[in-house]
Each structure stands twice: as C-alpha cells, then as structure tokens.
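Participant: Below are the sequence and a predicted model; questions follow.
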Amino acid sequence: MKIHLDISKHCIETEAKRIYEESLGQYFKAPESKRPELEEKIEGLKNFLEYSDFKDLRSSHPVLAGSEGGKAVLHLLGGDLFEIEIGGIFYKPQKKLIR
C-alpha cells in the first residue's frame with residue numbers, strides 16, 4: 001500500500017501521526033466495504049510509527065525533517081517493513097532501538 005505524505009510544513013513523523021488519526025476517524029464513518037482498506041492503512045501506519053527510528057529518518061534527508069518543503073510516498077510492505085520514496089529515491093527506515 002502507498003500513502004502519500006505532505007511534509008512541506010512538518011516532519012515525516014508528525015505527518016504519519018496526522019494521517020493515522022485521520023484514518024481512525026474515517027474508519028468509524030466508512031461503509032463496511034471501505035473498512036478493510038482503512039484497516040490495512042491504520043495497521044501499517046501504527047507499525048511505521050511504532051518501529052521506525054524517526055531521528056535517523058529526519059537526519060537522512062531534509063524533506064523528511066520538514067526543513068525543506070516536499071512530498072514523499074510511504075510504501076507499506078507488510079509487518080514492520082517500509083520504504084519511503086522521495087523523487088524516485090528510496091529510503092529504508094532503521095528500526096527503533098528498544099531498550
């Protein structure tokens with residue numbers, strides 16, 4: 001699944017949280033036929049937010065930090081696997097260190 005992120009005004013973590021919250025709200029208003037797609041999106045975003053090292057991501061590209069306006073595409077590959085695409089270049093988020 002692909003999720004388009006507008007990170008022109010804030011970092012990738014803030015945008016992912018915004019879309020996650022928006023999707024949760026849509027889920028309860030959506031007809032039954034739309035819910036499986038929203039469930040996949042919500043679960044993927046939850047995993048992305050839980051497992052990704054956002055400090056590392058923000059330092060890997062100015063667009064991901066929100067310091068340089070832009071857009072990105074989050075590719076949910078299943079489970080805790082993700083890719084972020086910016087202008088045809090792919091970034092694989094590092095996993096958050098669990099202490």
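Facilitator: Cool, the structure landed.
Participant: All the strands of the protein, residue numbers only.
Facilitator: Here the chain has its strands, by DSSP state E, at 2-6, 71-78, 81-86, 89-91.
Participant: Now do the helices in this protein.
Facilitator: Under the criterion DSSP state H, helices of the chain are mapped to 12-29, 35-51, 54-60, 62-65.
Participant: Identify whichever of the ones you listed lies nearest to D80.
Facilitator: For the helices of the chain, proximity to D80 was assessed by C-beta to C-beta; helix 35-51 is nearest, at 4.4 Å. C-beta here means a position set from N, CA and C on the backbone, and glycine is covered the same way.
Participant: CA atoms of the closest one as CSV?
Facilitator: Presented in CSV, the C-alpha positions along helix 35-51 are these (Å, rounded to 0.1, in the frame of the first residue of the first chain):
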residue,chain,number,x,y,z
ARG,A,35,-13.2,-0.7,6.1
PRO,A,36,-10.7,-3.4,5.1
GLU,A,37,-8.6,-0.9,3.2
LEU,A,38,-8.7,1.5,6.1
GLU,A,39,-7.8,-1.3,8.5
GLU,A,40,-4.7,-2.1,6.4
LYS,A,41,-3.7,1.6,6.3
ILE,A,42,-4.3,2.1,10.0
GLU,A,43,-2.3,-1.0,10.9
GLY,A,44,0.6,-0.1,8.6
LEU,A,45,0.8,3.4,9.9
LYS,A,46,0.7,2.1,13.5
ASN,A,47,3.6,-0.2,12.8
PHE,A,48,5.5,2.5,11.0
LEU,A,49,5.1,4.9,13.9
GLU,A,50,6.0,2.2,16.4
TYR,A,51,9.0,0.6,14.8
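Participant: That one: which residues count as buried?
Facilitator: Neighbour-count burial for helix 35-51 flags L38, K41, I42, G44, L45, N47, F48, Y51 (criterion: 16 or more other C-beta atoms under 10 Å).
Participant: and if you look at stretch 82-99?
Facilitator: Neighbour-count burial for stretch 82-99 [16+ other C-beta under 10 Å]: F82, I84, E85, I86, Y91, P93.
Participant: The fourth one touches A65, doesn't it?
Facilitator: Okay, so that is I86. No. The criterion here is C-beta atoms under 8 Å, and I86 misses it with A65 at 11.5 Å.
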